[in-house]
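>>> Predicted structure and sequence below. I'll ask about it afterward.
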Amino acid sequence: MSTFRSTALFLIAFGVAALSTPALADAPKATILGVSDGRLRQQIEQAIGTAKAPPQSRYEARRRAESTADDVILVLRSEGYYEYAVQPDVGEGDQPQSVIKVTPGPRFILAAPKIEWAGAAPAAEAIRAGEASIGLTIGGPGRAADILAAEGRIVAAVAKRGYADAKIQPREVEVDHASRTVQATFHIQAGPRVRMDGVRINSKGRTKPAYVTRLLPWRAGAISDPEDIAELERRLRETGVYDAVSVALAPASEALPNGQRPVVVSLTDKPRSTLELGANYSTAEGSGVDGRWHVYNWVGVGDTITFEAQVANILSKGEVDLALPDFRQAGQTLKLSASIYKDDTSAYLENGARVATDVQRKVDKTDSVDLGLSFDVSRDQEPNVVNGALVTDYRRLFTVTGLLSTTLDHADNLLNPKRGWRLSTTLEPTASFGDGPIDYLKAQAQLSAYWPFDPSGFTDLAGRIHVGDIVGGNIPGVPAARRFYSGGGGSVRGYAYQDVGPRFPNNAPEGGISLLEGTAELRQQVYGPWAVAAFVDSGVLGTRENFDLSSVETGYGFGLRYDLGFAPLRADVAFPIETRRGDAPFQIYLSIGQSF
């Protein structure tokens, strides 16, 4: 433990030293005077930029002010200020200072925009959709960015109604100083309405054309829709078997004799197989090594076969998995697996074999429903108390487990969420046969939520609550390997793996029939990629279906984060508020990604 304490203190000291280094900010090229609107001032300062050093003479100060005046004018006009006055100058005093005196004047407002069609006008529904998509507020600020965005929305709305070749022609923007208004006239060339045929596949890989055809979200002859084309590309990318995917409507020159245009699908396969090797170590769960061999698109239907081997202090296993995406319908994945395993914890020892099937149905991009069924044959070794004496039970079991789970992920990032929420629920009806047969329903749900304190997300609060109950179960009836446990990096930090909750006389975890966990974590970005965190975790296990809140165990701690770009590197040090026999005074957790 002393080695880990020294490592933790080094990490914390290194982080504090890095965070305390002052940032050297360049000074603005010129001082802006006369602009009271904070947002406008910020835009002007961003446009003129910064300088490494202040001007060394009045001549240099004036030259710098004059060179930035045009940038100020561009910002004013883009924000709707057309009766401006901009005067470059040099400040008073011994130190030369570039100054720009600005009088923005009144802000011009938007007049009613118009659409004029270059060439033949599109169908009435496309005209209505284009007009409805403009989205400019008459009387609102005459901002150039809003006008450009409206133009893009018009083309997108027309293209969605089948006009795939719709183009923007030069727009007219009339600035009327008498009425102080800005009126935009958009010129759009719709072109002919396009209908889609099937797909034309450009690939030297293993994909079967019939598989791609089965994924099409349209029928031949359908009016072209960019969202349909994007959906096909998304379905192909989500298989995970391609290095590159491109889906695009063929140009007009490649139209078929019936006028329909094929959709061109270009696929670049991943290497036929890849090998992954890994190792892990923690003070709570010990060490382990693992390897995975992935075989991609072997059948030619976006499939992945994974062979996995893991040897560790707690869980060792050999497993083979087959994933068939878009099984029977798009967005539905069939997973088949077979494994042998040894699960050796301080609470139990389980040796077994499992076969399982699972069908995952995506409801939308981030939400899914799973239905599954698994069969286990196992030999369990677990402690028990009989007539006040601690004994070891040996149970040979055949277990059938159903699965119904839902996942709702509305957080903004998978590994580093700052806003949004996630909810997962699981129901597992289970029947065990053999030594101590029992039927029960294991149910659990977890909700995580993230609240930023500022728009940039520099400071955010994260919270988690996890509840579970085994309905119809009891101890010792429910096998030890199927009970709830708490403690460790994914639940209550500060405690070793499975060490929260009731224990047997030999200090082995007893597990629980009910579970309640909660976490609050404050995350603060402090300098560049560095961030810190403070957290409190609590948990309680009950040996009955209702847990006893008087037995809640709590850990607290602090963490250091370093943003790797795709995820934060996380180092946490956690302490239990109360310790029992065998508990360590602290725990250290190193991982990639936030704890939840």
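Done, it's in. Numbering: from 1, shown residues only.
>>> need the strands for the stretch 101-250 of the chain, in chain order.
Using DSSP state E, counting those that start in this stretch, the strands found in the stretch 101-250 of the chain span residues 109-110, 114-117, 167-176, 181-189, 196-202, 242-249.
>>> again with the stretch 451-596 of the chain
Going by DSSP E, counting those that start in this stretch, the stretch 451-596 of the chain shows strands at 459-471, 514-527, 530-542, 553-563, 568-576, 587-592.
>>> Equivalent analysis for the stretch 251-400 of the chain, please.
Counting by DSSP E, counting those that start in this stretch, the stretch 251-400 of the chain has strands at residues 261-269, 273-282, 286-296, 304-312, 315-324, 332-344, 349-362, 367-386, 389-409.
>>> Columns mean neighbour count on top of those strands, output as CSV?
For every residue, glycine as well, the C-beta is placed using N, CA and C. CSV is the format used below for those (neighbours: other CB atoms under 10 Å):
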stretch, mean neighbour count
strand 261-269, 19
strand 273-282, 12
strand 286-296, 16
strand 304-312, 17
strand 315-324, 17
strand 332-344, 17
strand 349-362, 17
strand 367-386, 16
strand 389-409, 15
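>>> and Thr554, which of the ones you listed is closest to it?
For the strands of the stretch 251-400 of the chain, the distance to Thr554 is smallest for strand 273-282, at 20.5 Å, taking CB to CB.
>>> Direction included, what does the closest one pair against?
strand 286-296 (antiparallel) (DSSP bridges).
>>> what residues does the strand it pairs with touch?
The contact list for strand 286-296 (CB atoms under 8 Å, 6 or more residues apart in numbering) reads 240-241, 269-281, 303-316.
>>> can you check stretch 554-563 too?
Taking CB under 8 Å, 6+ apart as the rule, stretch 554-563 contacts 11-12, 15, 416, 492-495, 523, 529-538, 568-578, 586-587, 594.
>>> which residues touch the closest residue in space to Ala121 that isn't next to it in sequence?
Of all residues not flanking Ala121 in the chain, Ile127 sits nearest, at 6.4 Å (CB to CB, 6 or more residues apart in numbering). Applying CB under 8 Å, 6+ apart to Ile127 gives the contacts 115, 117, 121.
>>> okay, the last one: pLDDT?
Yep, that's Ala121 we're talking about. Looking at Ala121, its pLDDT stands at 94.
>>> what about it, how many residues close to it?
13 (other CB atoms under 10 Å).
>>> shouldn't it be in contact with Ala190?
Yes - if you go by CB atoms under 8 Å, Ala121 and Ala190 touch, sitting 6.8 Å apart.
>>> residue contacts, the closest residue to Ala30 other than its chain neighbours?
Counting by CB to CB, 6+ apart, Ala30 lies nearest to Ser98, which is 3.9 Å off, once chain neighbours are set aside. By CB under 8 Å, 6+ apart, Ser98 lies in contact with 29-31, 55, 61-62, 64-65, 68, 88, 90-91.
>>> Compare the residues you listed and tell me which has the most neighbours.
Highest neighbour count within the contacts of Ser98, by other CB under 10 Å: Ala30, with 29 neighbours.
>>> show me the residues around it that make contact.
48, 64-65, 68, 88, 98-100.
>>> Do me a favour and get the backbone dihedrals for it.
Its backbone dihedrals place Ala30 at phi -150, psi 160, with angles given as degrees, to the nearest 10.
>>> Including distance to Trp298, could the contacts of Ile127 go into JSON lines?
Below are the contacts of Ile127 laid out as JSON lines (distance: CB to CB, whole Å):
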{"residue": "Ile115", "distance to Trp298": "52"}
{"residue": "Trp117", "distance to Trp298": "52"}
{"residue": "Ala121", "distance to Trp298": "52"}
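>>> Nearest to Ser432 among these?
Relative to Ser432, the closest of the contacts of Ile127 is Ile115; by CB to CB it sits at 68.9 Å.
>>> tally of neighbours for Asp412?
Applying other CB under 10 Å, we find 12 residues neighbouring Asp412.
>>> Could you export the strands of the stretch 451-596 of the chain to CSV, including columns for mean neighbour count?
CSV is the format used below for these (neighbours: other CB under 10 Å):
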stretch, mean neighbour count
strand 459-471, 19
strand 514-527, 19
strand 530-542, 22
strand 553-563, 20
strand 568-576, 21
strand 587-592, 19
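>>> could those strands be laid out in CSV, adding mean pLDDT and distance to Val386?
Formatted as CSV, those follow (pLDDT from 0 to 100; distance: least, CB to CB, whole Å):
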stretch, mean pLDDT, distance to Val386
strand 459-471, 96, 21
strand 514-527, 95, 23
strand 530-542, 96, 21
strand 553-563, 95, 27
strand 568-576, 94, 31
strand 587-592, 89, 33
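>>> Switch those over to CSV; also include distance to Asn351.
Below are those laid out as CSV (distance: least, CB to CB, whole Å):
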stretch, distance to Asn351
strand 459-471, 23
strand 514-527, 25
strand 530-542, 25
strand 553-563, 30
strand 568-576, 32
strand 587-592, 28
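>>> Could you say which one of the ones you listed comes nearest to Ile44?
For Ile44, the closest of the strands of the stretch 451-596 of the chain is strand 514-527, at 26.8 Å, according to CB to CB.
>>> Now do the longest helix seen in the chain against strand 167-176, angle only.
The helix that spans the most residues within the chain, counting by DSSP state H, is helix 58-78. Angle between the axes of helix 58-78 and strand 167-176 is 110 degrees (criterion: axes from the mean of the first three to the mean of the last three CA atoms, to 10 degrees).
>>> which residues sit against helix 58-78?
With contact meaning CB under 8 Å, 6+ apart, helix 58-78 is reached by 29-30, 32, 40, 43-44, 47-49, 51, 55, 82, 84, 86-91, 96-100, 102, 104, 143-145.
>>> Now intersect those with the strands, please.
Judged by DSSP state E, those include 32, 51, 86-90, 98-100, 102 as members of strands.
>>> Any idea how many residues pack against Ala124?
Neighbours of Ala124 (other CB under 10 Å): 8.
>>> one step back: how close does the residue nearest to Ala30 get to Thr50?
Ser98 sits 12 Å away from Thr50, going by CB to CB, to the nearest Å.
>>> joint contacts of the two?
Contact criterion CB under 8 Å, 6+ apart; residues shared by Ser98 and Thr50: Lys29.
>>> show me where the stretch 101-250 of the chain has helices.
Counting by DSSP state H, counting those that start in this stretch, the stretch 101-250 of the chain has helices at residues 124-133, 144-160, 209-214, 226-237.
>>> Same list (the strands of the stretch 251-400 of the chain) but as JSON lines, adding mean pLDDT.
Below are those laid out as JSON lines (pLDDT from 0 to 100):
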{"stretch": "strand 261-269", "mean pLDDT": "96"}
{"stretch": "strand 273-282", "mean pLDDT": "86"}
{"stretch": "strand 286-296", "mean pLDDT": "92"}
{"stretch": "strand 304-312", "mean pLDDT": "96"}
{"stretch": "strand 315-324", "mean pLDDT": "97"}
{"stretch": "strand 332-344", "mean pLDDT": "97"}
{"stretch": "strand 349-362", "mean pLDDT": "97"}
{"stretch": "strand 367-386", "mean pLDDT": "95"}
{"stretch": "strand 389-409", "mean pLDDT": "96"}
